[in-house]
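> Sequence unavailable; structure follows:
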């Protein structure tokens, strides 16, 4: 079993933190995304979407998309406190907040970064104005997440879950857009400092 990834990327970090939380170590193979290694025929044969990370099982089966990979390990290594929730209500709440943070936060931040920096302009159309719009959408989302964390210890409830992993990766990544947590977001700031101390994040 192995994971093909670019370690610093947001998607790879989500998987890495998740695996560290549940105590699983998987062989990693670095893929040079900026150099276009993911565009090669050999990688395209493994990845359903041409992106990283990709989990390859021992029988050659591959799974793309970071949350799908996390779900696979959650199902194959059940625990008393699943990061996807245990009860029907917990599962629904985790799914809800994971999607909210992903769609309104992390994905928007990644759109802003790709369009503003033009990092992949050799293979996709980059529109600087859309990058700036995306950056502003990200900034507008942060107060709602701050309000949520004024009501709850963690994003989806009183326990750390995959929704917190997505939110942490988003907050860490948005520094690349010169968007930072400050005193106007006290609950989000305090939560970020708490999560930053988790062993799974620090390693």
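Looks like it arrived, so ask away. On a predicted model such as this, the values are computed, not experimentally measured, just so you know.
> can you tell me the distance between the two ends of stretch 175-187?
When the termini of stretch 175-187 are compared using CA to CA, to the nearest Å, they are 18 Å apart.
> what residues does it touch?
Under the criterion CB atoms under 8 Å, 6 or more residues apart in numbering, residues 109, 112-113, 116-117, 135, 138-139, 142-143, 146-147, 149-150, 171, 174, 188-189, 192 lie in contact with stretch 175-187. Using the backbone N, CA and C atoms, a C-beta is placed for each residue, glycine as well.
> And stretch 114-127, by the same measure?
Residues contacting stretch 114-127 (CB under 8 Å, 6+ apart): 34, 36, 39, 113, 128, 130-132, 134-135, 176-177.
> Derive a PyMOL selection command for the buried subset of those residues.
This is how PyMOL selects the buried members of these, with burial counted by 16 or more other CB atoms under 10 Å:
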select buried, resi 113+131+134+135+177
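> How is this protein divided into domains?
In terms of domains, the chain is parsed into 2-76, 88-202 (source: automatic domain parsing).
> and the first one, how far from the chain's centre?
Okay, so that is domain 2-76. 12 Å (CA atoms, centre = their mean, to the nearest Å).
> Ramachandran coordinates for residue 77?
Backbone geometry at residue 77, expressed as degrees, to the nearest 10, gives phi -130, psi 70.
> Apart from its neighbours in sequence, what residue is nearest it?
Excluding its sequence neighbours, the residue lying closest to residue 77 (CB to CB, 6 or more residues apart in numbering) is residue 22, at 5.9 Å.
> Quick check: the one you found vs residue 83, distance?
For residue 22, the distance to residue 83 under the criterion CB to CB, to the nearest Å works out to 7 Å.
> Find residues that contact each of the two.
Common neighbours of residue 22 and residue 83, using CB under 8 Å, 6+ apart, are residue 74.
> Comparing those two, which shows the higher neighbour count?
Each of residue 22 and residue 83 has its neighbours counted (other CB atoms under 10 Å); residue 83 has more, 23 against 16.
> Report back the residue of the chain that's furthest from centre.
Outermost residue of the chain with respect to the C-alpha centroid, by CA atoms, centre = their mean, is residue 59; its distance is 26.6 Å.
> How about the secondary structure of that one?
Assigned by DSSP: H, G, I helix; E, B strand; the rest coil, the conformation of residue 59 is coil.
> From residue 27, how far off is it?
Following CB to CB, the distance that separates residue 59 from residue 27 is 15 Å.
> quick one, strands of the protein?
In chain order, the chain shows strands spanning 2-5, 27-30, 54-56, 62-64, with DSSP state E as the criterion.
> how about the ones you listed in TSV, adding distance to residue 15?
As requested, the strands of the chain are exported to TSV (distance: least, CB to CB, whole Å):
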stretch	distance to residue 15
strand 2-5	7
strand 27-30	10
strand 54-56	8
strand 62-64	11
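> Residue 45: which of the ones you listed is closest?
strand 62-64 (8.8 Å; CB to CB).
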